[in-house]
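Enquirer: any chance you can model this:
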Amino acid sequence: MTGALFHVDNNTGNININGATNISGLTTISGTTNINGTATISGATNINGVTNLNGVTNLNGATTINGATTITGAMTSNTPMVMVGRSAGRVYYPNTIVCNVTGYNRGNCYNTSNGRFTCPSGFAGYYMFIYNGLGGDRETAPNTRWWRNGIEFDWGAAHVNNSCSSRHGLMGSCIVYLNVGDYFEIRVRGASMYGGSQIHSTFIGLYIST
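Expert: A predicted model of the protein is given here:
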């Protein structure tokens, strides 16, 4: 560790690090810990006690935090996260809803050509997906389904079955585990879905955890 005012309370094992800090090796922090300055922790790290990270903090190595943690400074994440929408027109059964407008696509996981969200290398884990949209004009049964690797995934379907003078609003969401290379998409399962505005036809996907 370099560049910091480092204090250990031998009676309690508590640690206070007040300056700019670089921690590069295998690190285990078991007591109450306060890191108040800019900190970069690059090695495999286990933090077992109550921890307060008050400055800009970069955790670059494998990190396990087991205690209560308060982070009040800026955090940087490279986990996959997308919000995309469709403005290219109505989508009919049984087609995939392909979003052609990109709001965010961190990790380049979403393909605007085929509508697939693909799990990237290093981020196998649980993902949350949300879709909100409008059914086709005056259709009685607009219906959507999620699909994983070309197989229907039954959780979180959005389905309406009654008359409407304009369009039904639909929203579906689910949590799914994806391995690297797995892909996820949403398809029209019945009737059609409006696609004239990304505001009304939005797909969200984000990484939750391993």
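Enquirer: below-threshold pLDDT in this structure: ranges please.
Expert: Residues of the chain that meet the criterion pLDDT under 70 lie in 1-13.
Enquirer: which non-adjacent residue is nearest Ala157?
Expert: Among residues not flanking Ala157 along the chain, Arg145 sits closest, at 5.3 Å (Cβ to Cβ, 6 or more residues apart in numbering). For every residue, glycine as well, the C-beta is placed using N, CA and C.
Enquirer: on contacts alone, who are the packing partners of the helix or strand the one you found falls within?
Expert: Using DSSP states H and E, Arg145 maps to strand 143-148. On a contact count with 3 or more Cβ pairs under 8 Å, 6 or more residues apart in numbering; DSSP states H and E, strand 143-148 meets strand 125-134, strand 151-159, strand 169-178, strand 183-190.
Enquirer: could you point out which element follows the last one?
Expert: Heading C-terminal from strand 183-190, the first helix or strand you meet, by DSSP H and E, is strand 192-193.
Enquirer: and that next one, what other elements does it pack with?
Expert: If you count contacts as 3+ Cβ pairs under 8 Å, 6+ apart, strand 192-193 packs onto strand 91-92.
Enquirer: sheet-wise, list the partners of the strand it packs on with their directions.
Expert: Applying DSSP bridges, strand 91-92 is found paired with strand 192-193 (antiparallel).
Enquirer: about what we covered before: and among the helices and strands packed on strand 143-148, the most buried is which?
Expert: With neighbours defined as mean count of other Cβ atoms under 10 Å, the helices and strands packed on strand 143-148 peak in mean count at strand 183-190, which reaches a mean of 22.
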